[in-house]
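Visitor: Turn this into a structure:
(one chain, ligands or ions: 2)
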Amino acid sequence: MALLDGLGQLPAELLYIWHTYRVPILLSAVSLVALVRLTVYLRDRREKVSASPAPSSPVKKHLVELKPAWLPENTTTIPSLLNIDNHAEEDTNAVALMAKARKGPKTVKGKKITKKTAAPTSTFAHKTDKIQPLIFFQSLSGTTEGYSAQFTKVLTEWTIGCDQSSIFLEPQIQDLSYIELDDYFISPPKADSNVKHFYLILVPSYNIDTSLDIFIESLQETHNDFRIDTAPLSGLLGYSVFGFGDKEGWPTEEEGFCSQAREVDKWMARLTGKKRAYPLGLGDVKSDAEEQLQEWRVGVQEALVEIAEGRGLGEGVPGSGDAAESDEEDIEDKDSIGQTTRVDDVEDLGSMVTSLDPIPVDFTTYKPRSKLKPTATPKEMVPTSSPTHAALTKQGYSIIGSHSGVKICRWTKSALRGRGSCYKFSFYGIASHLCMEATPSLSCSNKCVFCWRHGTNPVGTTWRWITDAPDLIFDGITTAHYKKIKMMKGVPGVRADRFAEAMRIRHCALSLVGEPIFYPHINELLTIMHSNRISTFLVCNAQHPAQLASLVPVTQLYVSIDASNKDSLRKIDRPLHRDFWERFCACLDILRNRRFEQRTVFRLTLVKGFNMAEEVKGYADLVERALPGFVEVKGVTYCGTSAAGSAGLTMQNVPFYEEVAEFVTELEKELSSRGMTYGIGAEHAHSCCVLLADSTRFKKGGKWATRIDFERFFDLHEGKIEGSRIEDGKIVGWRPEDYVGDETPEWALWGNGGFDPRDQRVWRKGKGPKTDVDGNEGMAEKTKEALEF
Ligand SMILES: Cc1cc2nc3c(=O)[nH]c(=O)nc-3n(C[C@H](O)[C@H](O)[C@H](O)COP(=O)(O)O)c2cc1C
Ligand code: SF4
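Guide: Ligands and ions are numbered 1, 2, ... in the order given. Down below sits the predicted model:
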């Protein structure tokens, strides 16, 4: 009974407690909410939003099936033997990932209270310090490059002539395509302690994938990397950005006018801790670019004077890191990377708590859909309107779909006229007039110093473009190749028999430019080729272990070995992947594991001053690691473009054939001193190329047999003949030894030059026996023209 009475009084008791203690209860509730929000905020604040790897960190990984079910009969890859954890980068669309909005209800909604942060203080001691202006530019078709050069010239003259000239160091110009971005955009560059940097960035805008995206992504990644200060460039004195755009195509900012310059400006504001020294300048290349640039320069100069006189970024300069503006920028930033803008900033919440104003609590609202950025749709890799398309077409490439290319190589033309095939004929028996050179991916994840495509080539670490079907690519490249062969019909000297033979493609070199295994349907494309009895020589850049591990066996699998150690590889290939060395090593291990199912080749490109001197032992280490069937060593070819020049490459970097030969001899010696059985199997002095081969595998009756029996290769593929690879007493597939062809011809052996005596070598008038009409040069000469694969 007493219990019932007690229960009956409970509501009254509770009401009494509520009336007596409601203030502390409410305060406790508010504190609890604040604490929870604070914890969530701190955890989310530095959450990585980019799908790309953080600097120097392992990439996002996913399990890769190293022995795919559809490849049972001829894959020897043994996951446990690999030096990687069977993982590689996710080839999902990075952009789409970044654009994913965070799910979940917005729990607390409050009024945004604008933070009043102090304007950044200048660290410039104007009596002792010096200002180093650095001008960065990116240019695809040359406009920005031209303006930047002119701008640098005028600014340099001004720094020399102005009243503060003793404070300025000579402005330096840098092409963003050629520098290590980390050297400048993770922290200011290293210099004497009294040298302070000021950044000026001039960029165009492109609504297609270009290398500019890599720059912008890298700024964004640095900002979001939890191990790096959010404003790692605050040590700069200031920065300003100028954008070039085209109002004819992109009339307003909303429609994309100078969109990428605006992005660069925004990320720089965050990375520098709001050190915008002068507002973003925008110029329309079809109308006012010149005068806008001049106006911007005058403004930048005024800002520089203020800094030089010790007044920092000044108050009078519009846009100079104004706190309110910069705060708005912070919000925009979150939006732009696809996160929901959450106005319930913890600092705002803190103010709300102390003010004890009623807090509107809303457990259900989401950010209005209309404000969410749409998920980025993949773009075309090389749209017809792009400068890359124009440049490639001008160079004789046919672009198939939006990411594949084919080009008739000059050796094909030479062979059609009976003037010699490339080294692949001497070494492996591939007649150049029967060979097609193509790639299903014009994009690459490296920016090699010897690649002519810098600045204009699409680059990326993940496949994020519209993907064409493999059968369409096959039809496109073969049709374009035949069309080009037909165009040779009227060329003087073309032999009728070879012309007729050329109308049936027998070999495909998957190299050209770009990275073929980047293409997600490379296996299907290779299968189509094999079923058409077209052999495949595939070259990859050793940066995509997952794709390499799951590649169908090809006729001959190449890995480019552009350096023997990590430092040298970074300098020469300038890879985009931050874990490039780990990827490279993983690819070597995959090659070792797959060496009994297909012919494997190391392709060394020697560049004097970059990867030759004292690297023999390092290369021998790599050979020992991967045990390739062959090692092709060739001197770099100089294509003479401005791109090569900007990458620091001149004719001085092209080795003489004797130097290449000497290098190979040393490498052979080093390998045999380690008990390895490699010997010099063949040479093609014409292309400055020498072949080392494993003598235990590619010698027949004591004689070199580096050539391929292509018919047997296809018969093995089609199951017409049985292979000899045996596991657990059962035949499980074929070995490279099953399709070894004829002995290497006498004329191709080491010491005999490698030119087929049945072909006619034609010398250029007045040039003597040093250079022939096709640009092929004699033993003592350097190769000046780009050699095809
Ligand atoms: C394929 C293509 C896409 C472009 N996209 C944009 C754009 O989105 N916004 C813009 O303002 N200008 C755009 N432009 C214009 C370029 O930014 C402009 O031509 C610039 O001057 C090119 O500079 P560059 O020669 O240094 O590469 C585009 C031009 C091309 C060819
Ligand atoms: S791997 Fe080939 S295509 Fe890619 S950058 Fe290097 S040379 Fe150019």
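Visitor: separation between the closest residue to Asn446 other than its chain neighbours and Lys608?
Guide: Nearest residue to Asn446, sequence neighbours excluded (C-beta to C-beta, 6 or more residues apart in numbering): Asp573, at 4.5 Å. Any C-beta I mention is one placed from the backbone N, CA and C, and that applies to glycine too. Counting by C-beta to C-beta, to the nearest Å, the separation of Asp573 from Lys608 is 16 Å.
Visitor: what's the answer for Ala502, then?
Guide: According to C-beta to C-beta, Ala502 stands 36 Å off from Lys608.
Visitor: Looking at the two, which one has more neighbours?
Guide: Higher neighbour count among Ala502 and Lys608: Ala502, with 26 against 20, using other C-beta atoms under 10 Å.
Visitor: my guess is the more buried one contacts Leu434, does it?
Guide: Yes: with contact defined as C-beta atoms under 8 Å, Ala502 and Leu434 form a contacting pair (6.4 Å).
Visitor: circling back to that earlier point, pop out the phi and psi values for the residue nearest to Asn446.
Guide: Main-chain torsions, Asp573, degrees, to the nearest 10: phi -90, psi -20.
Visitor: for Ala626, what are its contacts?
Guide: Contact analysis of Ala626 by C-beta atoms under 8 Å, 6 or more residues apart in numbering lists 559, 588-589, 591-592, 595, 600, 602.
Visitor: Tell me, how many residues neighbour the residue nearest to Asn446?
Guide: Asp573: 26 neighbours (other C-beta under 10 Å).
Visitor: residues in contact with it?
Guide: By C-beta under 8 Å, 6+ apart, the contact list for Asp573 reads 446-449, 541, 562-563, 580.
Visitor: Pull the most distant pair out of the contacts of Ala626.
Guide: Farthest pair in the contacts of Ala626 (C-beta to C-beta) is Asp589 and Phe602. Separation: 13.6 Å.
Visitor: Quick check on the two: which one has the bigger neighbour count.
Guide: The neighbour count for Asp589 versus Phe602, taken as other C-beta under 10 Å, is higher for Phe602 (23 against 19).
Visitor: I figured the more buried one was touching Phe630, is that so?
Guide: Yes: between Phe602 and Phe630 there is a contact under C-beta under 8 Å: 7.2 Å.
Visitor: and stretch 147-157, how far from the chain's centre?
Guide: Put simply, stretch 147-157 sits 30 Å off its chain's centre (C-alpha atoms, centre = their mean, to the nearest Å).
Visitor: got the CA coordinates for it in PDB?
Guide: In PDB, the C-alpha atoms belonging to stretch 147-157 read as follows (Å, rounded to 0.1, in the frame of the first residue of the first chain):
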ATOM      1  CA  TYR A 147      52.600  35.700 -70.500                       C
ATOM      2  CA  SER A 148      54.600  34.400 -67.500                       C
ATOM      3  CA  ALA A 149      57.900  34.800 -69.200                       C
ATOM      4  CA  GLN A 150      57.000  38.400 -70.100                       C
ATOM      5  CA  PHE A 151      55.700  39.000 -66.600                       C
ATOM      6  CA  THR A 152      58.900  37.700 -65.000                       C
ATOM      7  CA  LYS A 153      61.000  40.000 -67.200                       C
ATOM      8  CA  VAL A 154      59.100  43.100 -66.300                       C
ATOM      9  CA  LEU A 155      58.900  42.200 -62.600                       C
ATOM     10  CA  THR A 156      62.700  41.600 -62.600                       C
ATOM     11  CA  GLU A 157      63.300  45.000 -64.200                       C
END
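Visitor: Tell me the residues of this structure that contact ligand 2?
Guide: Taking C-beta under 6 Å from any ligand atom as the contact definition, the chain meets ligand 2 at 444, 446-448, 451, 513-515, 541, 560.
Visitor: Which one of these is nearest to ligand 1?
Guide: Lys447 (16.6 Å; C-beta to the nearest ligand atom).
Visitor: Which helix or strand contains the closest one?
Guide: Mapping Lys447 onto the secondary structure by DSSP states H and E places it in no helix or strand at all.
Visitor: Over in the stretch 601-750 of the chain, which residue gets nearest ligand 2? Let me know.
Guide: Thr605 (8.2 Å).
Visitor: care to break this structure down by domain?
Guide: The record's domain split for the chain, according to automatic domain parsing, is 1-45, 130-336, 387-770.
Visitor: Of those, which is nearest Lys379?
Guide: Lys379 sits nearest to domain 130-336 of all the domains of the chain, at 5.3 Å, using C-beta to C-beta.
Visitor: what about that closest one, near ligand 1?
Guide: Yes: counting by C-beta under 6 Å from any ligand atom, ligand 1 is contacted by domain 130-336 at 139-145, 204-208, 244-246, 249-250, 256-259, 285.
Visitor: Angles on the backbone of the spatially closest residue to the residue of the stretch 601-750 of the chain closest to ligand 2 that is not a sequence neighbour, please.
Guide: Nearest in space to Thr605, with sequence neighbours left out and distances taken as C-beta to C-beta, 6+ apart, is Val636 at 5.2 Å. Reported as degrees, to the nearest 10, the phi and psi values for Val636 are phi -60, psi 150.
Visitor: which ones are touching Val636?
Guide: Neighbours of Val636 in contact, by C-beta under 8 Å, 6+ apart: 450, 605-607, 649, 653-655.
Visitor: so what's it scoring on pLDDT?
Guide: For Val636, the pLDDT comes out at 85.
Visitor: and the gap between the residue nearest in space to the middle of the chain and ligand 1?
Guide: The centroid of the chain falls nearest to Ser445 when counting by C-alpha atoms, centre = their mean (2.8 Å). The gap separating Ser445 from ligand 1 is 22 Å, by C-beta to the nearest ligand atom, to the nearest Å.
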